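Here is my input, please return the structure:
(2 chains)
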Number of protein chains: 2
Amino acid sequence: MSTKTITSRAKHASYEMMTIKEPVRNKALFEMADALEKHMDEILAANRADMDRAREREKNSQFLDRLELTQQRISQMARGVRDLAALPDPIAEMEDVRTLPNGLLIGKQRVPLGCIAIIYEARPNVTADSISLCVKSANAVILRGGSDAIDSNRVIADIMRSAAVQCGIPADAIGFVDDVSRQSATELMHSVGDVDVLIPRGGKELIQAVVREATVPVIQTGAGVCHVYVDDRADTEMACRIIVNAKCSRPSVCNAAETLLVHRDIAERFLPGCAAALRENGVELRGCERTRQIVPDMLPADETDWATEYGRLILSVRIVDSLEDAVSHIREYGTGHSECIVTQELSHADAFVKMVDAAAVYVNASTRFTDGFEYGLGAEIGISTQKLHARGPMGLRELTSYKYIVIGSGQVR
Amino acid sequence: MSTKTITSRAKHASYEMMTIKEPVRNKALFEMADALEKHMDEILAANRADMDRAREREKNSQFLDRLELTQQRISQMARGVRDLAALPDPIAEMEDVRTLPNGLLIGKQRVPLGCIAIIYEARPNVTADSISLCVKSANAVILRGGSDAIDSNRVIADIMRSAAVQCGIPADAIGFVDDVSRQSATELMHSVGDVDVLIPRGGKELIQAVVREATVPVIQTGAGVCHVYVDDRADTEMACRIIVNAKCSRPSVCNAAETLLVHRDIAERFLPGCAAALRENGVELRGCERTRQIVPDMLPADETDWATEYGRLILSVRIVDSLEDAVSHIREYGTGHSECIVTQELSHADAFVKMVDAAAVYVNASTRFTDGFEYGLGAEIGISTQKLHARGPMGLRELTSYKYIVIGSGQVR
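Got it, this is the predicted structure:
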């Protein structure tokens, strides 16, 4: 099926989805979860094909780790789908209902966005997450994954679609683009009228290409140059624990820290021990000049470092003269994802929280918490780094919009 | 000042705006309102220059009406600014505050969007509305109006900025682009990092150009091909009153109706009288074949008519076989703005409201009500016809975003 056919059918199906009642959508989720477990062998076989191809292409171990599915991971996937079924219906709500002086009854009804397209890269769990989030929120979805995971993605989508259709979900509401060429992505970016929102998930280049080219509404996700700022009033032991966690617990993800900012008055006391702890965890450090005076044997960090999302065990370190300087650095190099201050001084925490403009601002906690599950939203369809519509982890509510409903008895203006 | 300088200064000022307390912002609104009235003669003189130029260019009366300022209109402008001051602070709210099982305290803080750019055409009141909405919501604003109203816009912006600065608002938070060339608009569309959201207000071509070209986040506004559907269970007297109002009370605006859809079973009873009433109000009718059999002397309506926002006293009329057909027509030709059903049958109203995907869906009331003032939002910065972020009239709340604030005591993941 051509991409054009898939999108126009999905748009059509999205109207049907809007009228499907919650029990039907939830039943579909449970059936989809069961089907994933029942067809585990099929999924594993498809995934093996993807893994073999990836090994032939000599992809690195991080890449392989993201691509690989195991029995346990598939069970987790199924559990995630079931967890979503248990969450409240995101489109049941009627908000701000009131009667205007002229007698009109007005309210905002939560409604699905309609037809959501997702362009993503190597992780096959995005397929399951996206389908289940969209079915729960009564949206149609179009999946356009990357070539690396195409076998896994296809079989997961097929299994989930079959299960959903048996419960009354229209087949076209789960669109799968088999064509992994550049062209199919470009078509999705220009499907004005069919695609209500396009969410790119993946590396910086993918996201930039979508932002540049798309004429359909887009939500930018993911790019994360996150900072941990260690204030002069920080508990140094806590600061060390937080930066080690923020950098090392999963360096490839977007909420991992890339730069450590340290107030000059605490640098000599804090940096040597912290640098040792980071190095014990395999982190390569790159520092500003002042940092290197305190911790020798470090490569110098330059402009490029401050702006880089390493995605691996490298950390840039900079000493700043004040909280304001830390904020200026974050404004210049941050991507609006997750930023952290470590301090025991309430007024410093307040100032940082007020001045830093990011999806998530942390006081004395790791940036790694920016995540739909951690925030209690259930699965997430991405982490928005823009300010329109949704910010931070996007769960079910973020896949809805509203419409005004106005009931009158013949009022004119 | 170059457009680049204006945007980067406005971005910088937007950080300062975020920290300005509500009493200061409200005082600035009152001072701006007073200044508008105090400098009325200056504004009227500038507007006369715009009007003279427009007359030389032989603009039509509708255009001149939109451009013209009078003492009364300036007083209205000032009153609008004062009314905004009285509304609650849109950025005070803290939402969804809760403690996670791991002890993290999490909440969503309403925050300004940051730096908002507006590209607009002939109406100088947009200048005053935009400045006051942005100051109230603690945003910086960049105004790039059209050449036709440049003198009026400039003097209004200057007067309001001077008054605001005296209250402590940074001058750069009210940016005015004097250069009305195509290039300045293009620069704004590509000011990634400086402009947080771009709102085009004006004709279809302007909006399409922005959607096609912009790399900054955009909110689409305004295009309104609005329908009134007269159901077989309609009160015909009410239906006639509503369509006459929706078409005639102000045909140039986006919430005016462009197409009348009539159920076949009521057509013969309803159409002759309604057509007469519309024609008495100066409306030119264009009909489908079946309509023309009932009401003769009508031009035929074709595909182009169904898709046209006339913006003047022309109405296309189509007979449909069912409510579902009316909805199909609206799905095909509507722009997601405002749609109306006239019916006395509750189940029909329910079905229409569920199936029609638009910013505002009306039962037995004129589409003309889609408006920030009418909805009780205060002034509006535009009417969104997209589904992301905001839908329908955009007031103060729609100029905000949120950030997650997470307070911990050393939690790591």
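
Could you use CA atoms for every contact and neighbour count after this?
Fine.

Where does the prediction get shaky in chain A?
Chain A contains no residues with pLDDT under 70.

Quick check: the gap between the residue of chain A found nearest chain B and B:Met189.
Going by Cα to the nearest Cα, chain B is nearest to A:His389 of chain A, at 3.3 Å. According to Cα to Cα, to the nearest Å, A:His389 and B:Met189 sit 19 Å apart.

the more surrounded of the two?
B:Met189 (26 against 20; other Cα atoms under 10 Å in any protein chain shown).

which residues does that one contact?
Neighbour list for B:Met189: B:198, B:210, B:213-216 [criterion: Cα atoms under 8 Å, 6 or more residues apart in numbering or on different chains].

Check A:Asp265 too.
So A:Asp265 contacts A:Asp232 (Cα under 8 Å, 6+ apart).

ok, then the element right after the helix or strand hosting it?
Counting by DSSP states H and E, the element that carries A:Asp265 is helix A:264-280. Using DSSP H and E, the next helix or strand after helix A:264-280 towards the C-terminus is strand A:284-287.

what's that next one in contact with?
By Cα under 8 Å, 6+ apart, the surrounding residues in contact with strand A:284-287 are A:275, A:279, A:298-301, A:313-318.

List the ones among the residues you listed that fall in helices.
A:275, A:279 (DSSP state H).

Could you turn the buried ones of the contacts of strand A:284-287 into a ChimeraX selection?
In ChimeraX, a selection of the buried entries from the contacts of strand A:284-287 looks like this (16 or more other Cα atoms under 10 Å in any protein chain shown):
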select /A:275,298,301,313,314,315,316,317,318
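
Could I get the contacts of strand A:284-287 in CSV, plus columns for distance to B:Ile118?
Listed next are these as CSV, based on distance: Cα to Cα, whole Å:
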residue, distance to B:Ile118
A:Ala275, 48
A:Arg279, 49
A:Met298, 47
A:Leu299, 45
A:Pro300, 43
A:Ala301, 39
A:Leu313, 43
A:Ile314, 41
A:Leu315, 40
A:Ser316, 38
A:Val317, 39
A:Arg318, 38
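
Tell me which of the contacts of strand A:284-287 fall in strands.
The strands, defined by DSSP state E, take in A:299-300, A:314-318 from the contacts of strand A:284-287.

one step back: of the contacts of strand A:284-287, closest to A:Arg292?
Looking at the contacts of strand A:284-287 and their distance to A:Arg292, the nearest is A:Met298, at 6.2 Å (Cα to Cα).

Pretty sure that closest one sits against A:Cys288.
No: A:Met298 is not in contact with A:Cys288 according to Cα atoms under 8 Å; the separation is 9.2 Å.

Show me the domain layout of chain A.
Using automatic domain parsing, the domains assigned to chain A come out as A:3-219+A:394-407, A:226-369.

Can you lay out those as TSV showing distance to B:Val141?
Shown next, in TSV, are the domains of chain A (distance: least, Cα to Cα, whole Å):
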stretch	distance to B:Val141
domain A:3-219+A:394-407	22
domain A:226-369	17
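
Can you identify each of the helices in the stretch 201-350 of chain A by residue range?
Remark: helices assigned in the stretch 201-350 of chain A by DSSP state H, counting those that start in this stretch are A:204-213, A:236-248, A:264-280, A:289-294, A:303-306, A:323-333, A:346-355.

For the stretch 1-150 of chain A, which residues are neighbours of chain B?
Within the stretch 1-150 of chain A, the positions adjacent to chain B are A:15, A:18-19, A:100, A:113 by Cα under 8 Å from any Cα of the partner chain.

Looking at those residues, which are in helices?
Among these, the ones falling in helices (DSSP H) are A:Tyr15.

Show me just the buried residues among the residues of the stretch 1-150 of chain A next to chain B.
A:15, A:18, A:113.

Do I have it right that the first one meets B:Lys354?
No: in terms of Cα under 8 Å, A:Tyr15 does not count as a neighbour of B:Lys354; the distance is 9.5 Å.

which residues does A:Arg318 contact?
Contacts of A:Arg318 by Cα under 8 Å, 6+ apart are A:259-262, A:287-288, A:290-291.

again with A:Ala365
Counting by Cα under 8 Å, 6+ apart, A:Ala365 touches A:242, A:340, A:342, B:406-412.

any idea how far A:Ala358 is from it?
With the distance defined as Cα to Cα, A:Ala365 ends up 15 Å from A:Ala358.

picking that back up, name the residues of the helix holding A:Asp265 that are buried.
Buried residues in helix A:264-280, defined by neighbour count with 16+ other Cα under 10 Å: A:264, A:266-267, A:270-271, A:274-275, A:277-278.

can you give me how far it is from the chain middle?
31 Å (Cα atoms, centre = their mean, to the nearest Å).

the inter-axis angle of it versus helix A:236-248?
In terms of direction (axes from the mean of the first three to the mean of the last three Cα atoms, to 10 degrees), helix A:264-280 departs from helix A:236-248 by 50 degrees.

Tell me the residues of the stretch 301-413 of chain A that contact chain B?
A:353-355, A:357-366, A:368-369, A:375, A:387-392, A:401-413.

Try it again at 6 Å.
With Cα under 6 Å from any Cα of the partner chain as the criterion, the stretch 301-413 of chain A comes near chain B at residues A:359-366, A:387-389, A:401, A:403-412.
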